[in-house]
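Prediction below, plus the sequence it came from.
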Amino acid sequence: MRMNSKRARAVAALAASAALLAVGGVGSAAADDGIAPGVTAQSVFETTGPHPVATAVRTNPCQDSVYGMLQHIVVHALGNRDDLTCTQAFPYGLDSPIGVNTYYPADIADLGAAPLIVLTPGVIVDAGMYDAMARQWVSHGFVVVVPHDFFNSLAYVPALGLAVALSADHDPNSVLYNRIDLGRTILAGHSAGGQASQQLAAVLPAVAAQIDPALQLAGVLAIAPGPLAVGALITVPTLYLTGYNDFVVPDFAWVRWWQYDQTVGAPAWIANARGVSHFSPVDGLDNYLGEGTAMAWLEYLGFGDERAKQFFVGPDWLLPADKTFYSVERNALADQLR
């Protein structure tokens, strides 16, 4: 069913693009990159990329454990459609609750260095719930590490993931030896992980060169982030993704008050997706309507993708017209980007 729905969306997007091009209804930049007015980021970017995924991570249905069953019942009661996936990390199993799950393109030897994403989960959830998201991002050419300690709420969690990635990149015995482009590092997180990512982003740029001369923070993806972060401390491009149906992290609350609204030292965007709840990011990717925009943001930061850039940059940026979103904004520094 998933592949069929993706093909249908792709065909619809291509048909719309072709029709608009035929009547001259799109500018030259959009024509060159195949993005037509009215086409959503979800229809363009919520597709599996060309790279096979390699990982030692193994998941199982969350309802195999008592705690996982409770999580399963809650998210389905709140609108999720697909079953959650979990690892055996405690309390979902008997493995250590602290660790880092690593995913990378199986063909990374042919790619050169790949951008790094540190993806931090939400509070009291299992890292395996983000398995599909991590695999999706890796299929587009990223290395993804998912650090976790069950609470996943403070900067040391994404810092742990970054440390593991640095170690792998410097280890001659690792398949990732000299294969991670540390100069294109992105911090991403959901809920508590979104606040933890911002916490680390507030301090990392100042010390990155002391950690590793190649290390640079390209930006942040904060998905429905928790309240323990302050936008005024952020100095790298940041996208805040919220959900219209999210009562845990309402779009109108702290994610605006002291995060997006206070991000005055870096370009910032905030987009509020229709039909998205707080738990949609751990639903199936077809059911998380912000995934395509998240992927576009990562492609823009990690690869400078011109198609993705059109959704965020320039006077005619496409995200405000994207029907996925109830509201979209960007700050003055983002307005100045070209």
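Okay, I see it. What you are looking at is a predicted structure, and each value in this text was computed from that prediction instead of being measured. Numbering: from 1, shown residues only.

what does the model give residue 35 for pLDDT?
Looking at residue 35, its pLDDT reads 77.

can you tell me how far residue 256 sits from residue 94?
Noted for residue 256: a distance of 41 Å to residue 94, by CB to CB, to the nearest Å. Quick note: C-beta positions are derived from backbone N, CA and C, even for glycine.

count of residues packed around residue 94?
Close neighbours of residue 94, defined as other CB atoms under 10 Å, add up to 9.

quick one: it from residue 159, how far?
Remark: distance between residue 94 and residue 159 (CB to CB) = 26 Å.

Repeat that for residue 254.
Taking CB to CB, one finds residue 254 at 23 Å from residue 159.

what's the distance between residue 272 and residue 171?
42 Å.

These two: which has the busier surroundings?
residue 272 (23 against 12).

wait, that one sits on residue 251?
Yes - Residue 272 is within contact range of residue 251, at 4.4 Å (criterion: CB atoms under 8 Å).

can you give me the helices in the chain?
2-22, 28-33, 41-45, 66-77, 131-139, 156-170, 192-211, 254, 291-303, 306-309, 332-335 (DSSP state H).

is it possible to export those to CSV including mean neighbour count?
Shown next, in CSV, are the helices of the chain (neighbours: other CB atoms under 10 Å):
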stretch, mean neighbour count
helix 2-22, 13
helix 28-33, 14
helix 41-45, 25
helix 66-77, 16
helix 131-139, 23
helix 156-170, 20
helix 192-211, 21
helix 254, 20
helix 291-303, 25
helix 306-309, 20
helix 332-335, 14
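
So which of these is nearest residue 282?
helix 66-77 (6.7 Å; CB to CB).

ok, and what's touching that closest one?
61-63, 83-84, 86, 91-92, 125-126, 279, 282-283 (CB atoms under 8 Å, 6 or more residues apart in numbering).

now, which of those sits nearest residue 44?
residue 283 (20.2 Å).

How much space separates that closest one from residue 92?
18 Å.

Residue 201 contacts residue 216, doesn't it?
No - in terms of CB under 8 Å, residue 201 does not count as a neighbour of residue 216; the distance is 11.9 Å.

between these two, what contacts are shared?
If you check residue 201 and residue 216 against CB under 8 Å, 6+ apart, no residue is contacted by both.

now the angle from the lengthiest strand in the chain to helix 192-211?
For the chain, the longest strand by residue count, based on DSSP state E, is strand 180-190. On the basis of axes from the mean of the first three to the mean of the last three CA atoms, to 10 degrees, strand 180-190 is oriented at 150 degrees to helix 192-211.

which secondary structure elements does strand 180-190 contact?
strand 114-120, helix 156-170, helix 192-211, strand 217-223, helix 291-303 (3 or more CB pairs under 8 Å, 6 or more residues apart in numbering; DSSP states H and E).

Mind doing that once more with 6 Å?
strand 114-120, helix 156-170, helix 192-211, strand 217-223 (3 or more CB pairs under 6 Å, 6 or more residues apart in numbering; DSSP states H and E).

how about these in JSON lines, adding distance to residue 45 and mean pLDDT?
Below are the helices and strands packed on strand 180-190 laid out as JSON lines (distance: least, CB to CB, whole Å; pLDDT from 0 to 100):
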{"stretch": "strand 114-120", "distance to residue 45": "15", "mean pLDDT": "98"}
{"stretch": "helix 156-170", "distance to residue 45": "23", "mean pLDDT": "98"}
{"stretch": "helix 192-211", "distance to residue 45": "20", "mean pLDDT": "98"}
{"stretch": "strand 217-223", "distance to residue 45": "13", "mean pLDDT": "98"}
